[in-house]
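**Q** Provide a 3D model corresponding to the input given below.
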Amino acid sequence: MKNVSFPYGKEQITYDFEKESFNGVLVSKLHEYKPEKTGIDLIKSAMNDPIGSKKLSELCVGKKNIVIIASDHTRPVPSKIIIPPMLEEIRSVNPDADITFLIATGCHRDTKKEELIEKFGEEIVRNEKIIVHDCADKSNLVKIGILPSGGELWINKIAYEADLLISEGFIEPHFFAGFSGGRKSVLPGVAARESVLANHCSEFIAHPLARTGILSGNPIHEDMLWAAKAAKLAYIVNVVINEKKEAIYAVAGDVEAAHLAGCEFLYGLCRAKPVMSDIVISTNGGYPLDQNIYQAVKGMTAAEATVREGGVIIMLAKSNDGHGGEGFYRQLADEPNIDKTMQIFLDRGRNETVPDQWQTQIFLRILKRASVVYVSDADDGLVRDLHMIPAHSIDEAIAKAKEILKNEHPSIVAIPDGVAVMVVDN
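**A** Numbering: from 1, shown residues only. Below is the predicted model:
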């Protein structure tokens, strides 16, 4: 028997696999990496030796209006240890600076106060000025240019009017932008919905280089980087985290150079070769990324890379927040023919993208390759509406997979954290 533990919400689900049919576990070496310093010491060291940039203390001299873009409730960024060193360094040379935290929600829902407290701690929420970005509030957005994609770049006025714009974040594999972090603080982080839609157009999503772990030639990344530079994002502090959401590596400095250094570190550790199998079991790494079905598509893309065509993906995601996007839900639930929906997307131009189309497009690509059995706390009817088969345990999911495959002894691969591993051949 082989025992594997899968993150599910804030808990773990363990399962014993029969060795005869079990092809193995795909994990990144990231979780084996042991840093020599604590998370906060790593961050301070990175800030003391920024990449491609002056130190933050030098950049903020004489700046009256400093804006820190911070991630929202859907990202497990350890802000409690990133933000204090940033504030300390700013205030050590500029104690009177007007500092605003701008929460980069992108097109997500608002971040609630209790989520801000969980992210920053009560002291920062009580004492600092925090504003949550709204991608649809045109009165608080300003146009600053035309993206390479052809879309207009509108960003939050608070970011645009800053004397110094900086950001925090974390770097992980991203299923169409290559990697998260860095430039994503601006686009989609604090951009208008229309700008995000142009960047996430069907042409770019379908591009062969718009995949996990790829930056060079990735049109989505190139759009995002252009946006960050146009917005004058001057300095970032980004971390890499392990399965316990602990910072194990940190970079600080220039939005492009520092981010690239972090991506290179991550790429060296989190690759896993595909082991083609009949059933692949994946997760979204537990809380907070498995709160809804929309986000869970990310973890499915790791399984997509190693499941045989016509096979079954078993996705474990608590999904206590439901589907996660009304557009995403309607695009799937209202049309039983997934080929028809995919063609509608592909026929749309760069400036004709509709909300959530990109996530649906990637999900449809997965569904065209494999059946998906979804283990969650979500309503069974909701899961069926989204063209998946509901289940409530790994045992039940495997039984249903065997029925679909008409095979009592299918090969199985486990991916305990589908958002932390890059399943690639090279």
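**Q** can you give me the domain assignment for the chain?
**A** Domain assignment of the chain by automatic domain parsing yields the ranges 2-28+271-423, 39-269.
**Q** ok, the closest residue to Asp16 other than its chain neighbours - contacts?
**A** Of all residues not flanking Asp16 in the chain, Met1 sits nearest, at 4.4 Å (Cβ to Cβ, 6 or more residues apart in numbering). Glycine gets a C-beta too; all of them are placed from N, C-alpha and C. Counting by Cβ atoms under 8 Å, 6 or more residues apart in numbering, Met1 makes contact with Asp16, Phe17, Glu18, Lys19.
**Q** ok, Asn65 - how many residues close by?
**A** Number of residues near Asn65 (other Cβ atoms under 10 Å) recorded here: 14.
**Q** for it, give its distance to Val255.
**A** Distance of Asn65 to Val255, computed by Cβ to Cβ, to the nearest Å: 19 Å.
**Q** so for the host helix or strand of Trp226, what's the average pLDDT?
**A** Using DSSP states H and E, Trp226 maps to helix 219-230. The average pLDDT for helix 219-230 rounds to 98.
**Q** next helix or strand past that helix?
**A** Once the chain leaves helix 219-230, the next helix or strand it forms, by DSSP H and E, is strand 233-241.
**Q** that following strand packs against which elements?
**A** With contacts taken as 3 or more Cβ pairs under 8 Å, 6 or more residues apart in numbering; DSSP states H and E, strand 233-241 sits against helix 39-48, helix 56-59, helix 79-93, strand 164-170, strand 247-253, helix 257-269.
**Q** in JSON lines, list the ones you listed along with distance to Asp334.
**A** What follows is the helices and strands packed on strand 233-241, written out as JSON lines (distance: least, Cβ to Cβ, whole Å):
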{"stretch": "helix 39-48", "distance to Asp334": "45"}
{"stretch": "helix 56-59", "distance to Asp334": "49"}
{"stretch": "helix 79-93", "distance to Asp334": "38"}
{"stretch": "strand 164-170", "distance to Asp334": "35"}
{"stretch": "strand 247-253", "distance to Asp334": "42"}
{"stretch": "helix 257-269", "distance to Asp334": "38"}
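**Q** make TSV out of those and add mean neighbour count, mean pLDDT and distance to Ile99.
**A** Converted to TSV, the helices and strands packed on strand 233-241 look like this (neighbours: other Cβ atoms under 10 Å; pLDDT from 0 to 100; distance: least, Cβ to Cβ, whole Å):
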stretch	mean neighbour count	mean pLDDT	distance to Ile99
helix 39-48	19	98	16
helix 56-59	18	98	12
helix 79-93	19	97	7
strand 164-170	25	97	10
strand 247-253	26	97	17
helix 257-269	20	96	21
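**Q** of all those, which lies closest to Ile281?
**A** helix 257-269 (22.0 Å; Cβ to Cβ).
**Q** list of residues touching that closest one?
**A** For helix 257-269, using Cβ under 8 Å, 6+ apart, the contacting residues are 28-30, 33, 50-53, 171-173, 178-179, 181-183, 213, 215, 236, 238-240, 249-252, 422.
**Q** quick one: Arg109 is in a helix?
**A** No: applying DSSP: H, G, I helix; E, B strand; the rest coil, one finds Arg109 to be coil, outside a helix.
**Q** picking up where we left off before, buried ones in the helix holding Trp226?
**A** Pro219, Ile220, His221, Glu222, Asp223, Met224, Leu225, Trp226, Ala227, Ala228, Lys229, Ala230 (16 or more other Cβ atoms under 10 Å).
**Q** pick the one among those closest to Ile117.
**A** Scanning the buried residues of helix 219-230 for proximity to Ile117, where the rule is Cβ to Cβ, the winner is Ala228, at 28.3 Å.
**Q** the closest one contacts Pro188, correct?
**A** No: the pair Ala228 / Pro188 is not scored as a contact, 11.3 Å apart, by Cβ atoms under 8 Å.
**Q** for the stretch 301-426 of the chain, what spans make up the helices?
**A** In the stretch 301-426 of the chain, the helices defined using DSSP state H, counting those that start in this stretch lie at 326-333, 338-346, 357-369, 380-385, 394-405.
**Q** can you check which of those gets nearest to Asn284?
**A** Among the helices of the stretch 301-426 of the chain, helix 357-369 sits nearest to Asn284 (Cβ to Cβ), with 12.9 Å.
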